[in-house]
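A.B. asks: Here's a sequence, model it:
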Amino acid sequence: IKMKFNLFLLLLATLLAVASSETFQILNSAGEQWEANKPGDPITLVEFGTLWRIVVQPGSNYEILVDADPSLALTYNGPGKKITIEKLKTPLDGSQLWKFIPKFAIGQVLAIRSVKGPGSQYAIPTKDNKFVQAGPDSKTQWTLHNLVMARVPNS
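C.D. replies: Predicted coordinates for the structure are as follows:
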């Protein structure tokens, strides 16, 4: 019975982890998407960006992970600095936890703020090395788009 219960708990934990994360694209008003290349590189804005997995954490916080490699998390590096992806820290660190203002909503314009520096600025460069500055006033400038998989008919 103990072994069955442990197996049940493992199955339940797996189902909760899958159900509590979704895959998104993060866009600005011009339709440019967040892109992550490798750990330490800044997030940039491009036409076709990275797919992100957003995982709910306690306290209305979220982890923003690279969908192709969930061991990489969006990381706040301090006021005025570029945000990057880095290896996911355990235990959870405020530099890798985010809030959505006004609240998490698909398709609505919102602000994304670091838990560690909620009033701080961070910069995201475009491919032309121009910067989109996310200011401390919770300006709503990002949209989360849920990725809808298209079924390709058999040819």
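A.B. asks: Just give the number of residues close to Arg37.
C.D. replies: Careful, residue 37 is Asn; it's not Arg. Residues near Asn37, counting by other Cβ atoms under 10 Å, number 12. For glycine as for every other residue, the C-beta is placed from the backbone atoms N, C-alpha and C.
A.B. asks: Give the closest residue to it in space, chain neighbours not counted.
C.D. replies: Thr44 (7.8 Å; Cβ to Cβ, 6 or more residues apart in numbering).
A.B. asks: Please tell me I have it right and the one you found contacts Asp128.
C.D. replies: No - judged on Cβ atoms under 8 Å, Thr44 makes no contact with Asp128 at a distance of 10.1 Å.
A.B. asks: Comparing these two, which residue is more hemmed in?
C.D. replies: For Thr44 versus Asp128, neighbours defined as other Cβ under 10 Å are more numerous around Thr44 (20 against 7).
A.B. asks: Can you tell me which helix or strand of this structure has the lowest average pLDDT?
C.D. replies: Ranked by mean pLDDT, DSSP states H and E, the helix or strand of the chain with the weakest confidence is helix 2-19, at a mean of 53.
A.B. asks: after it comes which helix or strand?
C.D. replies: Per DSSP states H and E, the first helix or strand lying C-terminal to helix 2-19 is strand 21-27.
A.B. asks: Following element in sequence after the strand or helix carrying Trp34, please.
C.D. replies: According to DSSP H and E, Trp34 maps onto strand 33-35. Sequence order places strand 44-46 as the next helix or strand after strand 33-35, per DSSP H and E.
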